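K.L.:
From the sequence below, what's the structure:
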Amino acid sequence: MNDIERIHLHYLETSSMISAKESDLSLSPTERNNWAQVRDANDQAYFALIFAQFEDVVNNLCVALVRKMRTEPQWSVKRSWDVINISDLDRFSFMNRVALLTEKGSTDYNDVETYYKRRCEIDHGKAVPPISVTTVGDKLFDIAQRMRKNI
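P.N.:
Okay, the predicted model is just below:
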């Protein structure tokens, strides 16, 4: 999760430089619009980086959860966890891995699903609404912390 914080700090630096360029009054409206497009692309790129770090956290927490649940003394509790192949955990969809760590339909789950869909849209070149990288980074960091406490 340190990478989420580190990436966010780099984002703040680059975003500040782009915003300064975008708001330069000596630029023409066309040039300012070009810098606004650079800012949007920068926001999307950093969003994707932060989300990738979050995905890594989810994957590691899922492995830890499966290992923990396999040690349960009661077979009735651990039986379903025994069938999960840790080395092949990526066969579960990302949102199913999230559902192992947070209640499906909860605010955390719904927020992750919203961000996941947006990340997929960016990956496939679709236009997306503006992204507040700071808000997303903070939310994903908090969600990851709560997921970690549930293990």
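K.L.:
buried ones in the worst-scoring helix or strand of the chain on mean pLDDT?
P.N.:
Least confident element among the helices and strands of the chain, by mean pLDDT, DSSP states H and E: helix 75-82 (a mean of 87). By 16 or more other CB atoms under 10 Å, the buried positions in helix 75-82 come out as W81. Where you see a C-beta, it was placed from the backbone N, CA and C, and this is true even at glycine.
K.L.:
just stretch 55-68 next, same as before
P.N.:
55, 57-58, 61-62, 65-66.
K.L.:
now swap in stretch 23-36 and tell me
P.N.:
32, 35.
K.L.:
quick one: that stretch to chain centroid distance?
P.N.:
31 Å (CA atoms, centre = their mean, to the nearest Å).
K.L.:
Likewise for stretch 96-103?
P.N.:
14 Å.
K.L.:
Please put the alpha-carbon coordinates of that stretch into PDB.
P.N.:
Taking Å, rounded to 0.1, in the frame of the first residue of the first chain, the C-alpha atoms of stretch 96-103 are listed here in PDB:
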ATOM      1  CA  ASN A  96     -15.300 -12.100  -6.900                       C
ATOM      2  CA  ARG A  97     -11.900 -11.700  -5.200                       C
ATOM      3  CA  VAL A  98     -13.200  -8.400  -3.800                       C
ATOM      4  CA  ALA A  99     -16.300 -10.200  -2.600                       C
ATOM      5  CA  LEU A 100     -14.100 -12.600  -0.600                       C
ATOM      6  CA  LEU A 101     -12.700  -9.500   1.300                       C
ATOM      7  CA  THR A 102     -15.800  -7.300   1.600                       C
ATOM      8  CA  GLU A 103     -19.500  -7.800   1.600                       C
END
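K.L.:
which helix in this protein runs the most residues?
P.N.:
helix 29-70 (DSSP state H).
K.L.:
so what secondary structure elements neighbour it?
P.N.:
helix 2-22, helix 75-82, helix 94-101, helix 107-123, helix 133-149 (3 or more CB pairs under 8 Å, 6 or more residues apart in numbering; DSSP states H and E).
K.L.:
ok, and what's touching the longest one?
P.N.:
Counting by CB atoms under 8 Å, 6 or more residues apart in numbering, helix 2-22 makes contact with 27, 32, 35-36, 38-39, 42-43, 46, 49-50, 53-54, 56-57, 133-134, 137, 140-141, 144, all of which sit outside it.
K.L.:
which of the residues you listed are buried?
P.N.:
32, 35, 39, 42-43, 46, 49-50, 53-54, 57, 133, 137, 140-141, 144.
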